[in-house]
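K.L.:
Got a sequence here, can you build the structure:
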Amino acid sequence: MSRDNTEDLQEELEFVFLSLLSKKLNVGIIGGGKGGLTKARTFLNSGANLWVLSREFIEEFKELKLQGDRVIKGEYYTDFIKDKHVVLVAVEDLELKKKIKDDCEKMYKIFIDSTSFKNGMGLIPAQKQTKNISFSVHTKGGNPKAAMLLLNKSEEEFLKYDEFIGMLNPIRNKAKKLKRKTEIINFINTEDFKFFYERGYIKEILLLFFDEDDVNYLLKM
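P.N.:
Residues are numbered from 1 along each chain as shown. Now for the predicted structure:
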């Protein structure tokens with residue numbers, strides 16, 4: 001009898017997600033080809049501090065307008081990664097990859113192998129943002145095209161909540177200073193509260209459950 005052996009063909013992987021403040025993030029990319037270019041664009045678009053080291057660079061790298069001292073033409077050297085939080089390797093040379101990986105492990109760097117993510121510590125997910133929401137997605141098998149399909153589908157749904165989330169954030173921050181903060185935060189982060197928000201009755205619904213002084217404080221902009 002035949003059976004579905006998909007689970008035998010694909011290793012079960014687990015991931016932990018961590019959002020980093022991009023302007024505080026130092027990223028080093030090793031490799032000046034298409035793989036390095038794609039990742040460089042991703043980090044630059046997010047506002048990260050980026051340096052790229054490579055023996056050769058494809059012409060498109062000039063479009064990135066990186067400062068001269070952040071594009072280094074030459075061989076890999078260990079000191080390149082010392083002040084980097086994330087190191088991304090976009091080269092095919094297996095011996096060079098091993099050297100970089102060994103250096104990263106010694107210095108406790110986050111190491112990403114763009115050609116085979118299982119050889120590193122993780123991968124860079126497909127990501128987007130609306131005005132008030134940042135979100136990302138990837139598949140466990142490392143399928144970028146499928147991730148983009150899911151990302152675009154998710155965006156359609158998140159856009160329905162974007163304005164609502166933007167309204168909630170300052171209220172939630174004020175609620176943290178009140179005695180009934182937990183009740184308030186739990187109350188406003190619901191579909192029911194969204195229902196009344198869309199109809200213009202958030203003050204009225206809050207007054208049914210919370211003190212008038214607290215409600216006025218929460219809604220005072």
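K.L.:
And for D103, the neighbour number?
P.N.:
19 (other CB atoms under 10 Å). Where C-beta positions appear, they are placed from N, C-alpha and C, glycine not excepted.
K.L.:
So for it, what's the nearest residue that isn't a sequence neighbour?
P.N.:
Leaving aside its chain neighbours, D103 sits nearest to T78 (5.1 Å; criterion: CB to CB, 6 or more residues apart in numbering).
K.L.:
which residues sit in contact with the closest residue to Q127 other than its chain neighbours?
P.N.:
Nearest residue to Q127, sequence neighbours excluded (CB to CB, 6+ apart): S136, at 3.8 Å. For S136, the contact set (CB atoms under 8 Å, 6 or more residues apart in numbering) comprises 17, 125-128, 151.
K.L.:
Apply 7 Å and report the result again.
P.N.:
125-127 (CB atoms under 7 Å, 6 or more residues apart in numbering).
K.L.:
Ok, D83 next?
P.N.:
Per CB under 7 Å, 6+ apart, neighbours of D83: N26.
K.L.:
Roughly how far does it sit from K109?
P.N.:
Distance of D83 to K109, given as CB to CB, to the nearest Å: 10 Å.
K.L.:
Downstream of the helix or strand harbouring the residue nearest to Q127, the next helix or strand is which one?
P.N.:
Taking DSSP states H and E as the criterion, S136 maps to strand 134-137. Moving toward the C-terminus from strand 134-137, the next helix or strand (DSSP H and E) is helix 144-158.
K.L.:
Any stretches of the protein with poor pLDDT?
P.N.:
1-11, 221 (pLDDT under 70).
K.L.:
ok, now with 90
P.N.:
Residue ranges of the chain with pLDDT under 90: 1-18, 45-46, 61-69, 114-120, 122-126, 139-144, 220-221.
K.L.:
ranges for the strands of the chain?
P.N.:
26-30, 49-54, 71-73, 86-89, 110-113, 126-129, 134-137 (DSSP state E).
K.L.:
Show me the contact partners of the fifth one.
P.N.:
So that's strand 110-113. Residues contacting strand 110-113 (CB under 7 Å, 6+ apart): 85-89, 97, 101, 104, 119-124.
K.L.:
at 10 Å instead, please
P.N.:
18, 20, 27, 29, 35, 39, 81, 84-91, 97, 100-105, 119-124 (CB atoms under 10 Å, 6 or more residues apart in numbering).
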